[in-house]
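Chemist: Below is the sequence, then the predicted model.
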Amino acid sequence: MTPNNLPRFIRQSAANTPPKTEQTGMYKDFDATELYCSKCKRPVPVRKRLLLVLPEGDKYEYLCAFCLETVGTKIDRQVKPVSVII
Ligand SMILES: [Zn+2]
């Protein structure tokens, strides 16, 4: 794949993504761009900040872009391939 193909590929896959459905309230695996901020009392754009590097994964913190309140954390688990030795 040449670098020139990359933007087109991204645009295509974005087009294939179904439009944002209404939020159900639960963030299963949120790489969210908006989270509810209790201080701003509304969904806000967030900043992702690497907080800790844990053995089970990297812990990220989501900060409100406006008041920098922590609105959520997430652990990006590093799925290590399980080596199956037969
Ligand atoms: Zn806020």
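Modeler: Sure thing, it's come through.
Chemist: close enough to count as contact, residue 62 and residue 48?
Modeler: Yes: counting by C-beta atoms under 8 Å, residue 62 touches residue 48, with 5.9 Å between them. C-beta coordinates here come from the backbone N, C-alpha and C atoms, glycine included.
Chemist: So for the two, which residue has more residues nearby?
Modeler: residue 62 (26 against 15; other C-beta atoms under 10 Å).
Chemist: other SSEs contacting the helix or strand that contains that one?
Modeler: According to DSSP states H and E, residue 62 maps onto strand 57-64. Helices and strands touching strand 57-64, by 3 or more C-beta pairs under 8 Å, 6 or more residues apart in numbering; DSSP states H and E, are strand 34-37, strand 42-54, strand 70-77.
Chemist: Relative to the first one, what are the paired strands and their orientations?
Modeler: The strands beside strand 34-37 in its sheet (DSSP bridges) come out as strand 42-54 (antiparallel).
Chemist: Next, the angle from the strand it pairs with to strand 70-77.
Modeler: If you take axes from the mean of the first three to the mean of the last three C-alpha atoms, to 10 degrees, strand 42-54 sits at 40 degrees to strand 70-77.
Chemist: tilt between strand 42-54 and strand 57-64?
Modeler: Using the same axes, to 10 degrees: strand 42-54 against strand 57-64 is 150 degrees.
Chemist: on that earlier part again, can you list the buried residues in the strand holding residue 62?
Modeler: With burial defined by 16 or more other C-beta atoms under 10 Å, the residues of strand 57-64 counted as buried are 60-64.
Chemist: quick one: is that strand near the ion?
Modeler: Yes: contact of strand 57-64 with the ion (C-beta under 5 Å from the ion) involves residue 64.
Chemist: in which helix or strand would I find residue 68?
Modeler: Using DSSP H and E, no helix or strand contains residue 68.
Chemist: quick one on the thing from earlier: can you lay out the buried residues of strand 57-64 as CSV showing pLDDT?
Modeler: Formatted as CSV, these follow (pLDDT from 0 to 100):
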residue, pLDDT
60, 93
61, 94
62, 93
63, 94
64, 95
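Chemist: of all the residues you listed, which comes closest to residue 75?
Modeler: residue 60 (7.5 Å; C-beta to C-beta).
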